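> for reference, the sequence and a predicted model appear below.
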Amino acid sequence: MPVIDAQGKKAVFLDRDGVLCEDTDYVTCFEKLKIFPFAAEAVELMHQKGYLAIVVTNQSGVGRGMMTEATLQLLNEALQKQTGVDRIYYCPHLPPEAEEFPPYRVICNCRKPGIGMLKQAAEEYGIDLTQSYMVGDRISDIQAGKRAGVKTVYLSGEKKMQVDADEGYASVLEFAKMLV
């Protein structure tokens with residue numbers, strides 16, 4: 001159930017790959033972490049407009065054994081330092097039907113389109129989900145946003161998909177400039 005608090009904070013929930021940085025398949029090392037040059041400006045605009053900027057990202061490379069959680073945390077620290085996002089939540093799991101390495105073989109509610117990461121952030125930061133956004137470049141991002149009760153923003157870039165998002169923009173910077 002969404003957190004509703006008239007005095008709550010507003011947030012922009014951001015997917016990582018394809019939103020703040022290039023989607024280079026699995027970002028498992030610093031060489032593959034290619035942060036968009038406009039990402040920090042977009043986050044700064046969100047902050048200026050009174051929004052927290054919180055990353056919620058599926059990172060199944062951990063569950064697949066492609067990187068450790070320690071490596072992922074180092075990558076996340078670099079992203080946070082370079083962009084100014086307030087917090088990064090991640091899900092290391094795969095869907096239940098996929099092959100995973102223990103201890104990542106679990107059915108979870110954190111993997112988008114699940115809303116576990118959004119709910120956790122809302123509880124920890126006192127976020128009013130009804131005044132917040134989910135920005136992503138995949139259908140699972142939009143589905144998670146809808147399920148959590150936030151406004152949804154689909155970043156299409158070059159992709160052309162049928163997505164039932166509330167708004168659409170070419171980049172996170174374009175969205176941040178239009179954010180009220």
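Sure thing, it's come through.

> all strands of this structure, in order?
Under the criterion DSSP state E, the chain carries strands at the ranges 10-14, 51-58, 87-91, 133-136, 151-155, 167-169.

> run through who's touching the shortest one.
If you take CB atoms under 8 Å, 6 or more residues apart in numbering as the criterion, strand 167-169 is touched by K151, T152, V153, Y154, L155, S156, F175, M178. Quick note: C-beta positions are derived from backbone N, CA and C, even for glycine.

> my guess is the second one contacts S140. True?
Think T152. No. Using CB atoms under 8 Å, T152 is not in contact with S140, being 11.4 Å away.

> thinking again about what came up before, which of the strands of the chain sits most buried?
When the strands of the chain are scored by mean count of other CB atoms under 10 Å, the highest mean neighbour count falls to strand 133-136 (a mean of 28).

> tell me the average confidence for that one?
Mean per-residue pLDDT for strand 133-136: 98.

> next one: stretch 9-25
For stretch 9-25, the mean pLDDT works out to 96.

> which of the residues in it are buried?
9-21, 23 (16 or more other CB atoms under 10 Å).

> can the residues you listed go into a markdown table with extra columns for distance to V135?
Converted to a markdown table, the buried residues of stretch 9-25 look like this (distance: CB to CB, whole Å):
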| residue | distance to V135 |
| --- | --- |
| K9 | 17 |
| K10 | 13 |
| A11 | 11 |
| V12 | 6 |
| F13 | 7 |
| L14 | 5 |
| D15 | 7 |
| R16 | 11 |
| D17 | 12 |
| G18 | 10 |
| V19 | 6 |
| L20 | 9 |
| C21 | 13 |
| D23 | 14 |
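
> tell me the one of those nearest M117?
Nearest to M117 among the buried residues of stretch 9-25, counting by CB to CB, is F13 at 8.0 Å.

> just list whatever residues bridge to the closest one.
I54, M134 (DSSP bridges).

> what stretches of the chain score poorly on pLDDT?
Along the chain, the parts satisfying pLDDT under 70 run over 1-7, 95-102, 157-161.

> re earlier: closest one to A122 out of the buried residues of stretch 9-25, please.
Distance to A122, by CB to CB, is smallest for A11 among the buried residues of stretch 9-25, at 7.8 Å.

> mind listing what that closest one touches?
Y51, L52, A53, I54, A121, A122, Y125, I127, S132, Y133.

> nearest to L72 among those residues?
L72 lies nearest to I54 out of these, by CB to CB, at 16.5 Å.

> phi, psi for the closest residue to K49 other than its chain neighbours please.
In this structure, K49 finds its nearest non-sequential neighbour in L179, 5.3 Å apart by CB to CB, 6 or more residues apart in numbering. Note on L179: backbone dihedrals following degrees, to the nearest 10 are phi -60, psi 130.
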